[in-house]
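Trainee: sharing a sequence plus its predicted fold:
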Amino acid sequence: MAESFSVTRRFFDDKNYPRGFSRHGDYTIRESDTLEKYGQAFIELDLGNRAPINAEEEQFVAVCRNTREPETFFEKTWCKYRSRIASVKRVYTLSGLSAGDAVDDYSNND
């Protein structure tokens, strides 16, 4: 029988995690490694671009289709990833001032 979630390349999400999964802080080391190692298979199965080859992958697809609750580590990790990229990212600024606010000039123009 073929190995579940077999892939030929690593998975990276430069749009949402430009510094990598492990450096962002959303995932444990094990989750980060799993996403990099198997994420390509996960996304292909999730999008329907790859047919499941065994019962484990069929159950994974059922989780992706919300017809089954996640039970395995792979299923829970992929659901966590999907929820993180779907949530609105907060934007932090360095200044609370708007363009129209007065700013004291501390330059030395003597």
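Mentor: Cool, the structure landed.
Trainee: got the buried residues for stretch 58-66?
Mentor: Within stretch 58-66, the residues that qualify as buried are 59-61, 63-64, counting by 16 or more other CB atoms under 10 Å. Just so you know, the C-beta spots here come from the backbone N, C-alpha and C atoms, and that holds for glycine as well.
Trainee: with stretch 44-55 instead?
Mentor: Result for stretch 44-55 [16+ other CB under 10 Å]: buried residues 45-46, 50, 53.
Trainee: which residue sits closest to the residue nearest to the spatial centre of the chain, ignoring its sequence neighbours?
Mentor: What sits nearest the mean C-alpha location of the chain, by CA atoms, centre = their mean, is residue 81, with 3.9 Å. Residue nearest to residue 81 in three dimensions, not counting chain neighbours: residue 35, with 6.0 Å by CB to CB, 6 or more residues apart in numbering.
Trainee: residues contacting stretch 81-88, please?
Mentor: Outside of stretch 81-88, the residues within contact range by CB atoms under 8 Å, 6 or more residues apart in numbering are 13, 16, 26-27, 35, 39, 42, 46.
Trainee: for the residues you listed, give me CSV that also has secondary structure and pLDDT.
Mentor: Listed next are these as CSV, based on DSSP: H, G, I helix; E, B strand; the rest coil; pLDDT from 0 to 100:
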residue, secondary structure, pLDDT
13, coil, 94
16, coil, 93
26, coil, 92
27, coil, 95
35, helix, 97
39, helix, 96
42, helix, 97
46, helix, 97
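Trainee: how about these in JSON lines, adding distance to residue 6?
Mentor: Output for these, formatted as JSON lines (distance: CB to CB, whole Å):
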{"residue": "13", "distance to residue 6": "20"}
{"residue": "16", "distance to residue 6": "24"}
{"residue": "26", "distance to residue 6": "26"}
{"residue": "27", "distance to residue 6": "22"}
{"residue": "35", "distance to residue 6": "16"}
{"residue": "39", "distance to residue 6": "13"}
{"residue": "42", "distance to residue 6": "12"}
{"residue": "46", "distance to residue 6": "16"}
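Trainee: quick check: of those residues, which lies closest to residue 72?
Mentor: residue 42 (11.7 Å; CB to CB).
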